[in-house]
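**Student:** Please work out how this folds:
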Amino acid sequence: MGDLDDRVAVITGANTGLGKATAAALAGRGATVVLACRSAAKTVPVIDELVAATGNDRIEHLPLDLGDLVSVRGAAAELLAGDRPIHLLINNAGVAGQRGLTASGFELTFGTNHVGHFLFTTLLLDRLVASAPARIVNVSSGNHFLAKGIDWDAVRQPTRTFVGLHEYNVSKLANVLFTQQLAERLDPAVVSAFAVNPGPVATDVWRRMPGPLYEVFRRVRRLKPATDGAQPTLHAATAPGIEDRSGAYFDEDCTEKAVNPVATPELARDLWTRSEAWVA
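**Tutor:** Residues are numbered from 1 along each chain as shown. Presented below is the predicted three-dimensional model:
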């Protein structure tokens, strides 16, 4: 990763875990970094910590609740209010092991991990194009291989499974499909898009999973530190000469890997069309 003094990066969910590790690495190379997070109370101390650690004072907070499409529109409008470019959009935020509906009426995990990011990204697309060359990185998961498809009715209903892992798998499949469609619709020399798998990482994404279940999950999966899990994201965001691989999925060792066979172009186009209607 070279110097990023002239680059502006927007990272969702950047006040903890993978997002924080990604923000620290980018800020350490001189990038202006916008931490798009729900809570100012939880984000401002992280900004102070990152400024002290990196010596970079170009780190700021953007209020964003991905489960509330009104909040998503407000955050995008705030970013677009000035003429500042956006060179990197890293859709990192996510929830898992939770149940319910978002404020905008989607299954909690799918609505946060996909629908909110879909709207946020599409609202920022013109600015990303104007800032070319730009990149979009969607943090997916190896769990997307466990999804058999998308139940279009289920994504508009409360979480059905006990700890929401099935719904998490579907949301991560949606991240891959969204990446594929971005790559199909955008000139890679202008804006390229990538999906990444951070691998099993000890982050707050699992914080609401029932305690005993989390302990079993943590031991079985052998969760690694967030700094290790952030490497595929940083590779997709900064590695030179990969624009022609737009749409690729990078595994936890930063190598390109084939995706779940159910992630077909037809399903990706269907998801995009439905997502446009949902957020209209």
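
**Student:** What is the subsequent helix or strand relative to the longest helix along the chain?
**Tutor:** The longest helix of the chain (DSSP state H) is helix 165-185. As assigned by DSSP states H and E, the chain's next helix or strand after helix 165-185 is strand 191-196.

**Student:** tell me what that next one is packed against?
**Tutor:** Under the contact criterion of 3 or more Cβ pairs under 8 Å, 6 or more residues apart in numbering; DSSP states H and E, strand 191-196 touches helix 116-130, strand 134-139, helix 165-185, helix 231-238, strand 249-250. Where you see a C-beta, it was placed from the backbone N, CA and C, and this is true even at glycine.

**Student:** hey, what's the nearest residue to Arg245 once chain neighbours are set aside bridged with?
**Tutor:** In this structure, Arg245 finds its nearest non-sequential neighbour in Glu256, 6.5 Å apart by Cβ to Cβ, 6 or more residues apart in numbering. Glu256 has these beta-bridge partners by DSSP bridges: Phe250.

**Student:** Contact partners for Glu256?
**Tutor:** 245, 248-250 (Cβ atoms under 8 Å, 6 or more residues apart in numbering).

**Student:** The helices and strands packed on strand 191-196 into CSV, with extra columns for mean pLDDT, mean neighbour count and distance to Leu79?
**Tutor:** Putting those into CSV (pLDDT from 0 to 100; neighbours: other Cβ atoms under 10 Å; distance: least, Cβ to Cβ, whole Å) gives the following:
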stretch, mean pLDDT, mean neighbour count, distance to Leu79
helix 116-130, 98, 20, 7
strand 134-139, 98, 27, 13
helix 165-185, 97, 24, 18
helix 231-238, 98, 23, 18
strand 249-250, 98, 25, 26
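
**Student:** mind putting those in TSV, distance to Leu80 included?
**Tutor:** Rendered in TSV, the data for the helices and strands packed on strand 191-196 read as follows (distance: least, Cβ to Cβ, whole Å):
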stretch	distance to Leu80
helix 116-130	6
strand 134-139	14
helix 165-185	18
helix 231-238	21
strand 249-250	29
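
**Student:** Of all the ones you listed, which one is nearest Glu266?
**Tutor:** Among the helices and strands packed on strand 191-196, the nearest to Glu266 by Cβ to Cβ is helix 165-185 (10.1 Å).

**Student:** what's that closest one packed up against?
**Tutor:** Counting contacts by 3+ Cβ pairs under 8 Å, 6+ apart, helix 165-185 is packed against helix 108-110, helix 116-130, strand 134-139, strand 191-196, helix 265-279.

**Student:** could I get these as a markdown table with distance to Val8?
**Tutor:** Below are the helices and strands packed on helix 165-185 laid out as a markdown table (distance: least, Cβ to Cβ, whole Å):
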| stretch | distance to Val8 |
| --- | --- |
| helix 108-110 | 29 |
| helix 116-130 | 10 |
| strand 134-139 | 9 |
| strand 191-196 | 14 |
| helix 265-279 | 24 |
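
**Student:** Ok, which of those comes nearest Ala226?
**Tutor:** The nearest among those, by Cβ to Cβ, is strand 134-139 at 11.7 Å.

**Student:** Can I get the closest one as PDB, trimmed to CA atoms?
**Tutor:** What follows is strand 134-139, C-alpha atoms only, in PDB (Å, rounded to 0.1, in the frame of the first residue of the first chain):
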ATOM      1  CA  ALA A 134     -12.400   5.000  -7.600                       C
ATOM      2  CA  ARG A 135     -13.100   1.700  -5.900                       C
ATOM      3  CA  ILE A 136     -15.900   0.100  -4.000                       C
ATOM      4  CA  VAL A 137     -15.200  -2.800  -1.600                       C
ATOM      5  CA  ASN A 138     -18.100  -4.900  -0.200                       C
ATOM      6  CA  VAL A 139     -17.100  -6.900   2.800                       C
END
